[in-house]
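A.B. asks: I need the structure of the sequence given here:
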Amino acid sequence: MRLLLDTATFIWALQSPERLSARALNALQDDDAVRELSALSISEIAIKNSKGKLDVRREDILAGIADLRLQVLPWNARHAFRLFDLPLHHADPFDRQILAQALAENIPVVSSDAKFQVYAGVDVIW
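C.D. replies: All right, here's what the predicted structure looks like:
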């Protein structure tokens, strides 16, 4: 099973795994799971880090990707075109793009964000 971590889930898995739900933690620890992180999450972290809203360094991200055995999911045109059909239930542009990726790739998202569950077709693990 493929899993797409949202940005907050990735940060919590790195810095405070106790914040993860038991279901999310079990999914991330499943040896058969293909765990993925959107390249957009890396961009989001870098932007928020430069604005002082986060304290997550490049080295933290690289170590987290290795430790969690994540694959980085690139953003592509198919994902971007999926945004045209996405209702505006969520105002955060990074979250909307992660939702579009999940829908385009047909993969569940590991997220505590309740707004993700409002989107038809999105399987949310939390």
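A.B. asks: Was I right to think Val122 contacts Gln101?
C.D. replies: No. When contacts are counted by C-beta atoms under 8 Å, Val122 is not listed as touching Gln101 (10.5 Å). Every residue, glycine included, has its C-beta placed from N, CA and C.
A.B. asks: Neighbour count for those two, which is higher?
C.D. replies: Gln101 (25 against 20; other C-beta atoms under 10 Å).
A.B. asks: Which secondary structure state does that one sit in?
C.D. replies: Counting by DSSP: H, G, I helix; E, B strand; the rest coil, the backbone at Gln101 sits in helix.
A.B. asks: Leaving out the residues flanking it, which one is nearest to it?
C.D. replies: Counting by C-beta to C-beta, 6 or more residues apart in numbering, Gln101 lies nearest to His79, which is 4.7 Å off, once chain neighbours are set aside.
A.B. asks: The one you found touches Ala102, doesn't it?
C.D. replies: No. Counting by C-beta under 8 Å, His79 sits too far from Ala102 to count as a contact (9.2 Å).
A.B. asks: With neighbour numbers in mind, choose between those two.
C.D. replies: Higher neighbour count among His79 and Ala102: Ala102, with 28 against 21, using other C-beta under 10 Å.
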